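1. My questions concern the predicted model and sequence given below.
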Amino acid sequence: MTLDDLQQQLGHRFADASLLRQALTHRSHGQPNNERLEFLGDSVLNCVVAAMLYRHFGRIDEGDLSRLRANLVKQQSLYEIAQRLGLSQYLLLGEGELKSGGFRRPSILGDTLEAIVGAVFLDAGFEAAQSVIGALYEPVLKTVDPRTLGKDAKTLLQEYLQGKKLPLPVYAVVATHGAAHSQVFEVECSIPKLKVQVLGSGASRRAAEQAAARGALDAAQALVPAGTKRSRARVDRADKAERADKAERAEKTERTEKAEAPDKPEPAERGSRGLRTAAAGAAPHVAAAGAATGASTGASTSASTSASTSASTSASTSASTSASTSASTSAATSAATSAARPDPAAEPCNAAHGDDAARDEASGLPPLPASLEEPRPARAA
């Protein structure tokens, strides 16, 4: 096939045919090659596809538009368009790339399509490039489902199975056909839970997986009845209602427990009440013991103080008398000493009376009236 056939498919005839030839030349073939044209065509392609999506999908937001554009200008999408144009027949490759099957490689075909867009832009301007891209992408846009936003088959299958709470699919290469430079891969996609096994083939492992995933998705959707589907909004509403019901039951239980709590005596209150009763009962005994201890201590302290004072006073008086009255008579001294000495007969009675009073005070009994006290013997003059 000639370059005229390719220009007819593109819908553009080049004023400078060298630009088209350069766009079809791989770097392995020599100079000038298509790498710089590829750079230019990539930018023009993104701009035109973005404008097409903006016009076709007026209700899709910016994030979804970006995702959809990326899906339309990725290597696999460009590879499919290049295959439709038959670009592999027009490529200029080096001997090494020809032997390794470079004319079938998705990356080389996708880059060549971008280089052709760049060549059209240089040859006739942006409007001409926009017209070529629109003609190439118009069939693709008709197959785009806004609900899937241009996602590939593997992504759609994974999302579908996750929505049904089913295990993810398993991919396995079951066979490889052809020479090393022109291999064809066969991949099996299986969903064990649904007992689905689908084969897919492609020039690369990725392309074969996509083909197998597309068939597995169709089989899975056919097996699962449409009536069992529930929207996510309905599930969310049911979950919210259940959580609200649980919270209301918990609140009622808490209010009931608080209402019944005052009818039950608190253990801590009973314990503190018992302690106060025991302390009140023990108070009189403690007071009596304290009084007895105070009386005994006072009596002993008083006796000790009296004895000490008497001894010191007697010694002082004796010394002073001896020093000052050395000329006094012995009769006067004897009389003074006899008068100062206590009566032995009276001491037992006083001691006994003191002991009785101390016992009465220690036991908390009131003292006897004066009329009932025993008469004490008269002290001798």
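-> Looks like it came in fine.
2. where in the stretch 1-150 of the chain is pLDDT low?
-> Counting by pLDDT under 70, the ranges of the stretch 1-150 of the chain that qualify are 1, 150.
3. brain fart, the stretch 251-381 of the chain
-> Under the criterion of pLDDT under 70, the regions of the stretch 251-381 of the chain flagged as low confidence span 260-381.
4. CA atoms of stretch 72-86 as PDB?
-> The C-alpha atoms that make up stretch 72-86 are tabulated as PDB, following Å, rounded to 0.1, in the frame of the first residue of the first chain:
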ATOM      1  CA  LEU A  72      -8.600   7.600  25.500                       C
ATOM      2  CA  VAL A  73      -5.100   8.800  24.900                       C
ATOM      3  CA  LYS A  74      -3.300   5.900  26.600                       C
ATOM      4  CA  GLN A  75      -1.100   3.500  24.600                       C
ATOM      5  CA  GLN A  76      -3.700   0.800  24.300                       C
ATOM      6  CA  SER A  77      -6.200   3.100  22.800                       C
ATOM      7  CA  LEU A  78      -3.700   4.600  20.300                       C
ATOM      8  CA  TYR A  79      -2.600   1.100  19.400                       C
ATOM      9  CA  GLU A  80      -6.200   0.100  18.600                       C
ATOM     10  CA  ILE A  81      -6.600   3.100  16.300                       C
ATOM     11  CA  ALA A  82      -3.200   2.400  14.600                       C
ATOM     12  CA  GLN A  83      -4.300  -1.100  13.900                       C
ATOM     13  CA  ARG A  84      -7.500   0.100  12.300                       C
ATOM     14  CA  LEU A  85      -5.400   2.300  10.000                       C
ATOM     15  CA  GLY A  86      -3.000  -0.500   9.300                       C
END
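5. Now it: buried residues?
-> Of the residues in stretch 72-86, those scored as buried under the neighbour-count criterion (16 or more other Cβ atoms under 10 Å) are Leu72, Val73, Ser77, Leu78, Tyr79, Ile81, Ala82, Leu85. Placement of C-beta: from N, CA and C, glycine included.
6. Then stretch 191-211?
-> Those would be 191, 194, 196, 198-200, 202-204, 206-211, for stretch 191-211 by 16+ other Cβ under 10 Å.
7. And the helices in the stretch 1-150 of the chain, which stretches?
-> Along the stretch 1-150 of the chain, the segments classed as helices by DSSP state H, counting those that start in this stretch run 3-10, 17-23, 35-56, 62-72, 75-85, 95-99, 106-124, 126-142.
8. got a list of contacts for stretch 5-16?
-> Under the criterion Cβ atoms under 8 Å, 6 or more residues apart in numbering, residues 20, 85-87, 90, 116, 119-120, 122-124, 128, 131-132, 135-136 lie in contact with stretch 5-16.
9. List only those of those flagged as buried.
-> When the contacts of stretch 5-16 are checked for burial by 16+ other Cβ under 10 Å, the buried set is 20, 85, 87, 90, 116, 119-120, 122-124, 128, 131-132, 136.
10. any idea which of those residues is the one closest to Asp64?
-> Of all those, the one with the least separation from Asp64 (Cβ to Cβ) is Leu136, at 22.5 Å.
11. separation between the nearest residue to the closest one once chain neighbours are set aside and Leu141?
-> The shortest distance from Leu136 to any non-neighbouring residue, by Cβ to Cβ, 6 or more residues apart in numbering, is to Ile81 (5.5 Å). Using Cβ to Cβ, to the nearest Å, one gets 12 Å for the distance from Ile81 to Leu141.
12. Equivalent analysis for Leu65, please.
-> Applying Cβ to Cβ, the value for Leu65 to Leu141 is 13 Å.
13. Quickly list what's touching both of the two.
-> For the pair Leu65 and Leu141, residues contacting each of them under the criterion Cβ under 8 Å, 6+ apart are Leu53.
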